[in-house]
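> Pasting the sequence and the predicted model now:
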Amino acid sequence: MRLVTKTTIYFLIALVPLLTAAGFYLIKQFNKEINNRSDKELLTNEIQWIRYLQSQVENSTTVILKTTEISIFPVDAPTTIYPGLTDTYEYNENLKTRVPYRQLIHHVSIHGLPYLISIKKSQEQKAVLVANVTRIMLFVFAGLFVSTLVFNWAISRNLWKPFKNSLQKIRSAELQKMEAIHFEDTNVKEFNELNASLNYMTRKIYTDYVNMKEFTENAAHEMQTPLAVVQSKLELLLQDSNLKDDQVQSILQASSALSRLGKLNQGLLLLAKIENNQFETKEAVSITETIKKYLSLFDELIQDKQLVVETNYENDLHLPLHPFLADSLVTNLLGNAIKYNYEKGKILIVTKHQEMSISNTGAPEPLPSVNLFRRFNTSKNAGETSNGLGLAIVKKITEAIGIDIFYHADNGMHHFVLKKQGDGR
Amino acid sequence: MKILIIEDEKALQESIQKYMEHQGYICEAASDFRSGMEKISEFAYDCIIVDIGLPYGSGLEIVREIKKMELKGGIIIISAKNALEDKLKGFEFGSDDYLTKPFHLSELNARVTAIIRRRNLGGSKMIPFNEIELDAEAQRVTVNKNAIDLTEKEYQLLEYFIVNQRRVLTKAAIAEHIWGDEYVQVSNYDFIYTHIKNLRKKLVDAGSDDYIKTVYGSGYRFTDN
């Protein structure tokens, strides 16, 4: 739900009881006013009737009067000091509806004779009044509703503009280019606070990122020399003819583990270098030629596994890659297609003007696509020749030159597709 | 054959020296730029192994100086940096080869030997080992003077074995030397076995002794004792 919608709803919710209360208050006030006026009229009428009665009783005439509104007759009941004023309803034949009345009932003693005076006064206008007040209230409410919506929309559009600008900047932020992002000052204090925090945050993220990148590269780099020392010592140790079999075995195992560590280290260094844009590209390299080169290099492995390789070079794909990265890209994808294939399996390679795909038979299940291109996301069956960096390197290379890579699987075939982005750069 | 090793990491320097001496080279070592330059200007070497990151100066400068002095020795750079610019600069300044740390000593030895052989213009290009003889230029092999037909990989394998004779070689070192890093990434080292089996058979069939010894499943040694 949008913030504007939310504030509007809250505003309207608060308005409903307020307007209702105001309506009730108005009705009550008008009611009181009307009653007061009717009461005064009724009392004036009564006084006139009492005077009339007194003159008649002096003449020893008994008065009995009964009309729709007035009834006066002698009764046998105790007198009351004050007249009683009440609201009543009565059915009106003409109007076919119940009509409110204000009624005065008074037991008075006229020269010792008890009389009942009852005077009624129609209050039809009261119903009309309630209806009117309600209508006005609804009208006001509707007016407020519409104007609230319009004003909120207009105000929020203006008010939230700096916020939206900042949001847009955050959305388009890229880790590598975070240094260039700056959130400008606005004339709203809250947004300035937000932007100041965002500025601080992006700076921090960027320096952390740079530090981390440098750390990875330095750590990997500094590790090379000690690795070289250990490797050379193991190799020398291996030459000792007095060693027992199991000792040699241990040294060989240590040596192979060390080799893997060295490869891993080189992979991490390569990733760091790609991230640091250390491979400048001057011209486009032919991916088709690179594939051909590595197909012949891996020929022995392909033969060994009796793989069927189908190639379809519709068009040569050229990518603005450093030759070293092109090699790395192709060896990783092609290498995986060979490595994770079964015997007598199939590899299908297609290059087009804008895309390249390498497909292979392999595990019946599709690879879990989540984190597939993340470093060290090795699957269980990858075996020990995998260092968990291959696809991460592929992804980094494609990112560096702004092309897309997708993975999908169907009918037991695994497809890796490289695609130049829309504009066909 | 005399070799100079300029490497500031003492432990690595000693390893290299020890291995190369085992293979019949006379080795001297220097640990920084200055002592390296001193040695170069005083003595003649057939090959100089130089690290790039040295105290008091860069190994690349040493390479440049050697070229200026028009010394006849070969140069191989060893560096912790697998940086292309360094590599290119090294070659531009006149180095013959570039090896990234960590490396196998057997690999370094093979490369140093190859450099010396290439530079030894007037000398023999033949690599003998008892009844076997390799012609490094023509990549031909004879056993008891009879030529045998080896594939390219088998030839490289044999040359690597003979250059590193009597040393235990790990499968990883062999695979990386002959097939390269990329190949090793894709497969385990099992493919070596077939090639070694074939090479061994061809040599024995031609009347050679069986010099290739398997070392506990993980390595090989080419030896005549």
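Arrived safely.

> Strands of chain B, start to end?
Assignment of strands within chain B using DSSP state E yields the ranges B:2-6, B:26-30, B:47-51, B:53-54, B:57-58, B:74-79, B:97-100, B:126-129, B:132-135, B:140-143, B:146-148, B:168-170, B:212-215, B:219-222.

> just these: most buried one?
Taking mean count of other C-beta atoms under 10 Å in any protein chain shown as the contact definition, the stretch among the strands of chain B with the greatest mean neighbour count is strand B:47-51, which reaches a mean of 27. C-beta: built from backbone N, CA, C; applies to glycine.

> can you tell me if it touches chain A.
No. Judged by C-beta under 8 Å from any C-beta of the partner chain, strand B:47-51 and chain A are separated, with a smallest distance of 8.9 Å.

> how big is the angle separating that strand from strand B:74-79?
20 degrees (axes from the mean of the first three to the mean of the last three C-alpha atoms, to 10 degrees).

> and strand B:47-51, what other elements does it pack with?
The elements that strand B:47-51 packs onto, with contact taken as 3 or more C-beta pairs under 8 Å, 6 or more residues apart in numbering or on different chains; DSSP states H and E, are strand B:2-6, helix B:59-68, strand B:74-79, helix B:105-119.

> and chain A, which of the ones you listed is closest to it?
helix B:105-119 (4.8 Å; C-beta to the nearest C-beta).

> What residues sit buried inside that closest one?
B:105-117 (16 or more other C-beta atoms under 10 Å in any protein chain shown).

> thinking again about what came up before, export the helices and strands packed on strand B:47-51 to JSON lines and tack on mean pLDDT?
Compiled in JSON lines, the helices and strands packed on strand B:47-51 are given as follows (pLDDT from 0 to 100):
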{"stretch": "strand B:2-6", "mean pLDDT": "95"}
{"stretch": "helix B:59-68", "mean pLDDT": "91"}
{"stretch": "strand B:74-79", "mean pLDDT": "92"}
{"stretch": "helix B:105-119", "mean pLDDT": "91"}
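
> can you list the ones you listed in JSON lines and add distance to A:Leu194?
Formatted as JSON lines, the helices and strands packed on strand B:47-51 follow (distance: least, C-beta to C-beta, whole Å):
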{"stretch": "strand B:2-6", "distance to A:Leu194": "58"}
{"stretch": "helix B:59-68", "distance to A:Leu194": "51"}
{"stretch": "strand B:74-79", "distance to A:Leu194": "49"}
{"stretch": "helix B:105-119", "distance to A:Leu194": "58"}
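
> tell me the contacts of the closest residue to B:Gly73 other than its chain neighbours?
Distances taken as C-beta to C-beta, 6 or more residues apart in numbering or on different chains place B:Tyr45 nearest to B:Gly73, at 4.5 Å, with adjacent residues excluded. Contact partners of B:Tyr45, counting by C-beta atoms under 8 Å, 6 or more residues apart in numbering or on different chains, are B:2-4, B:28, B:71, B:73.

> in stretch A:168-187, what's buried?
Applying a neighbour-count criterion of 16+ other C-beta under 10 Å, the buried positions in stretch A:168-187 are A:169, A:178, A:181, A:183, A:186.

> Now for these: which two are most distant?
Between any two of the buried residues of stretch A:168-187, the greatest separation by C-beta to C-beta is 20.8 Å, found for A:Met178 and A:Thr186.

> The strand or helix carrying A:Ala127 packs against which elements?
Under DSSP states H and E, the secondary-structure element containing A:Ala127 is helix A:124-159. With contacts defined as 3+ C-beta pairs under 8 Å, 6+ apart, helix A:124-159 has these neighbours: helix A:3-58, strand A:97-110.
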